[in-house]
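**Student:** I would like the atomic coordinates for the input below:
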Amino acid sequence: KGHEDKIRCILNKADQIDRQQLMRVYGAPLWSLGKTMTSPEVARVYVGSFWEEPLKNLDNAELFEQEEKDLMKDLAILPRQSAVRKINELVKRIRK
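**Tutor:** Numbers count the residues shown, from 1 in each chain. Predicted coordinates for the structure are as follows:
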């Protein structure tokens, strides 16, 4: 607990199920994570098929493409977030 901002949840190989099954599968980990995380915000779960093989089910191809872009953006800003987190921790210690 207390490190929720460091967690990235990825639902991989989501192209192997149809849209209705994806909604069920997506909801289950969100519900479970909500019990374990102290953050009031819902955990972000990236959905896609993160490998080089072609998609097996093209129903959600556009969604998977956008999710991959969002994940790559999120990963690209991790170093900056790490620096901000370290500064915030230092400020907390100084104020004590």
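**Student:** now the strands for this protein?
**Tutor:** Taking DSSP state E as the criterion, the chain contains strands spanning 9-11, 45-47.
**Student:** quick check: chain neighbours aside, which residue is closest to L55?
**Tutor:** D15 (4.2 Å; CB to CB, 6 or more residues apart in numbering). All C-beta spots, glycine's among them, are computed from the backbone N, C-alpha and C.
**Student:** I meant R85, not that one.
**Tutor:** In space, and not counting its chain neighbours, R85 is closest to D5: 7.2 Å by CB to CB, 6+ apart.
**Student:** what is the neighbour count of that neighbour?
**Tutor:** Number of residues near D5 (other CB atoms under 10 Å) recorded here: 11.
**Student:** re the thing from before, can you give me the distance of the residue nearest to L55 to V45?
**Tutor:** Distance of D15 to V45, given as CB to CB, to the nearest Å: 15 Å.
**Student:** neighbour count for the two, which is higher?
**Tutor:** D15 (21 against 16).
**Student:** mind listing what the more buried one touches?
**Tutor:** Counting by CB atoms under 8 Å, 6 or more residues apart in numbering, D15 makes contact with G48, S49, L55, K56, N57, L58, N60, A61, F64.
**Student:** list the residues that contact the residue nearest to R85.
**Tutor:** S39, Q81, R85.
**Student:** number of nearby residues for the first one?
**Tutor:** I take that to be S39. 13.
**Student:** leaving out chain neighbours, which residue sits closest to it?
**Tutor:** E4 (4.4 Å).
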